[in-house]
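> Take a look and give me a structure for this.
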Amino acid sequence: MKKSLKGLVAVTAMVAIACLYWGNWSFPTSQLPQFRDALVAFALLSVLSEASYVRLRVEKSATHSSIVFIPFIASILLFESGWSMLVACAVVAVAEQFIRQKPPIKVVFNASQHGLSV
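Have a look, this model is predicted:
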């Protein structure tokens, strides 16, 4: 694997970790069980959305597209930035590692870029 590719993955992962560190992690202390349940529900919904991809076929060519951006957008609107990033990174890492069984460098890059986009 090229050194420049490993460098790009490392920089992307470091920037994502920095954004996680400086993200807003506030949560409603009076409604902690509801907040926890909402985070778990969005994580499960995101995993299901990532696992059930949409097949797009145009004539003889076909591609697969994920619809995981829909729960990610909803989590951006409902939760603080740190929690939304954490859900996005965790969901993509689990889906890429266990559902799609991609190599670790792709898992790290994809999880980092999804976290940065959120």
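> Once you drop chain neighbours, what's closest to the residue positioned nearest the centre of the chain?
Central residue of the chain (C-alpha atoms, centre = their mean): residue 88, 2.6 Å from the mean position. Once flanking residues are discounted, residue 88 sits nearest to residue 118: 4.3 Å by C-beta to C-beta, 6 or more residues apart in numbering. Bear in mind the C-beta positions are built from the backbone N, C-alpha and C, glycine included.
> how close does the residue nearest to residue 104 when sequence neighbours are not counted get to residue 68?
Distances taken as C-beta to C-beta, 6+ apart put residue 97 closest to residue 104, at 7.8 Å, once the chain neighbours are dropped. Using C-beta to C-beta, to the nearest Å, we find residue 97 at a distance of 15 Å from residue 68.
> Those two: which has the busier surroundings?
residue 68 (22 against 17; other C-beta atoms under 10 Å).
> In contact with that one, which residues?
By C-beta atoms under 8 Å, 6 or more residues apart in numbering, the contact set of residue 68 is 46, 49-50, 91-92, 95.
> can you list these in CSV and add neighbour count?
Output for the contacts of residue 68, formatted as CSV (neighbours: other C-beta atoms under 10 Å):
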residue, neighbour count
46, 26
49, 18
50, 22
91, 27
92, 25
95, 24
